[in-house]
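Q: fold the following.
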Amino acid sequence: MEGLVKLSFYSFTAASIALGAALVCYVFYAAGRIRLRQASLATSTGTTMTTTTAEFAPGPAAAGRFGTLLAWFALVFQGLAVLLRTIAAGRGPYSNMYEFSLAFIFAVLLVYLVFERLYEIKQLGPIVLAVAFGMSLYVWSLPTRMREVEGLNPALQNQPLMTVHVSTAILAYATFAVAFAAAVLYLIASRRQTRWLPSPDMLDDIGYRAVTIGFPMLALVLILGSIWAHQAWGSYWSWDPKETSALFTWLIYGIYLHTRSLRGWRGTRSAVILLIGFAAVIFTYYGNYFFGGMHAYGGVD
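A: Model (predicted):
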């Protein structure tokens, strides 16, 4: 088992390197290049004036291709890290923040690459991969003792519910990361004429499609969590900080879908809600550090 744990960590290390390199390539591609244009104008007096203007142009296509290739490498290595950890533990790797974060990085990469393939755009890469890379740095900051496989807390000893409940939460958070990236780029594209960014309409659609996937998943997380809570703690709902913040996050995305479908909200107002929603996701992710509660076993002592 110890050998598998080490191999899992080595795979995570390789994934972190590939992820960092992919992020650099995506930034180089998405940031674009500055081109200078000169124009000569003839005045009424017969003199000629030369003007110089600067404009942004798309970055080198090769950087985008290398970014995608490296992101796939990161996905494979991260998937291997999760798989080896699962085999070593004999269960889903969801018992603490180290394991949960390993799975979250894998899910973010997977969901992003699916959206990149479907929409054939790479400009979301710098933001989504920045989230994934930031999470990898967080994993590196955790105590080394958390890399060891330990026995499950009694409340976690429900393999089917734990696997489905936590896996669904991870996928929901990953789709919200894509929606967050689309919202950020929308706010940039709607205010500046940047030809190297996708159209605002496409970015608005990406955010909406991502939320339509993540919103029912988060609803399932709340339902399964309440069933599990009843079995483990004797109550369907205890207003635990983690479950309360998850409910609050779900309501924010519910407001987004409601205002879009029934109120006709599009564009800036919807993008702002997506930013607030992802802030709530981050708070839910790390909230047990600050408020404890019955989910505190996932944190760091």
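
Q: show me where the protein dips below the pLDDT cut-off.
A: Along the chain, segments meeting pLDDT under 70 span 32-58, 152-159, 193-195, 232, 288-301.

Q: run through the strands of it in chain order.
A: Counting by DSSP state E, the chain has these strands, from start to end: 33-42, 48-57.

Q: phi and psi next, for R91.
A: phi -160, psi 180 (degrees, to the nearest 10).

Q: again with R266
A: When read as degrees, to the nearest 10, the backbone of R266 gives phi -140, psi 170.

Q: can you get me a residue count around the residue nearest to it when sequence neighbours are not counted?
A: Distance criterion C-beta to C-beta, 6 or more residues apart in numbering; nearest residue to R266, sequence neighbours excluded, is D204 at 6.0 Å. Heads up, the C-betas are built off the backbone N, CA and C, glycines and all. For D204, the neighbour count with other C-beta atoms under 10 Å is 23.

Q: quick check, central residue of this protein?
A: The residue lying closest to the centre of the chain (C-alpha atoms, centre = their mean) is A177, at 3.3 Å.

Q: thought it was touching F115?
A: No - the pair A177 and F115 does not pass the contact test of C-beta atoms under 8 Å, sitting 10.3 Å apart.

Q: how about residues contacting stretch 6-25?
A: When contacts are defined by C-beta atoms under 8 Å, 6 or more residues apart in numbering, stretch 6-25 is touched by residues 63-64, 66-71, 73-75, 77-78, 80-82, 84-85, 88, 102, 105, 109, 125-126, 129-130, 132-133, 136, 139-140, 147.

Q: send me that stretch as PDB with only the CA atoms.
A: Extracted C-alpha coordinates of stretch 6-25, given in PDB (Å, rounded to 0.1, in the frame of the first residue of the first chain):
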ATOM      1  CA  LYS A   6       4.100   7.100  -3.200                       C
ATOM      2  CA  LEU A   7       3.200   6.400  -6.800                       C
ATOM      3  CA  SER A   8       0.100   8.400  -6.400                       C
ATOM      4  CA  PHE A   9       2.000  11.400  -5.000                       C
ATOM      5  CA  TYR A  10       4.600  11.100  -7.800                       C
ATOM      6  CA  SER A  11       1.800  11.200 -10.400                       C
ATOM      7  CA  PHE A  12       0.400  14.300  -8.700                       C
ATOM      8  CA  THR A  13       3.800  15.900  -8.900                       C
ATOM      9  CA  ALA A  14       4.000  15.200 -12.600                       C
ATOM     10  CA  ALA A  15       0.500  16.500 -13.000                       C
ATOM     11  CA  SER A  16       1.400  19.700 -11.200                       C
ATOM     12  CA  ILE A  17       4.400  20.300 -13.500                       C
ATOM     13  CA  ALA A  18       2.300  19.700 -16.600                       C
ATOM     14  CA  LEU A  19      -0.500  21.900 -15.200                       C
ATOM     15  CA  GLY A  20       1.800  24.800 -14.500                       C
ATOM     16  CA  ALA A  21       3.400  24.500 -18.000                       C
ATOM     17  CA  ALA A  22      -0.100  24.400 -19.600                       C
ATOM     18  CA  LEU A  23      -1.200  27.500 -17.700                       C
ATOM     19  CA  VAL A  24       1.800  29.400 -19.000                       C
ATOM     20  CA  CYS A  25       1.000  28.300 -22.600                       C
END
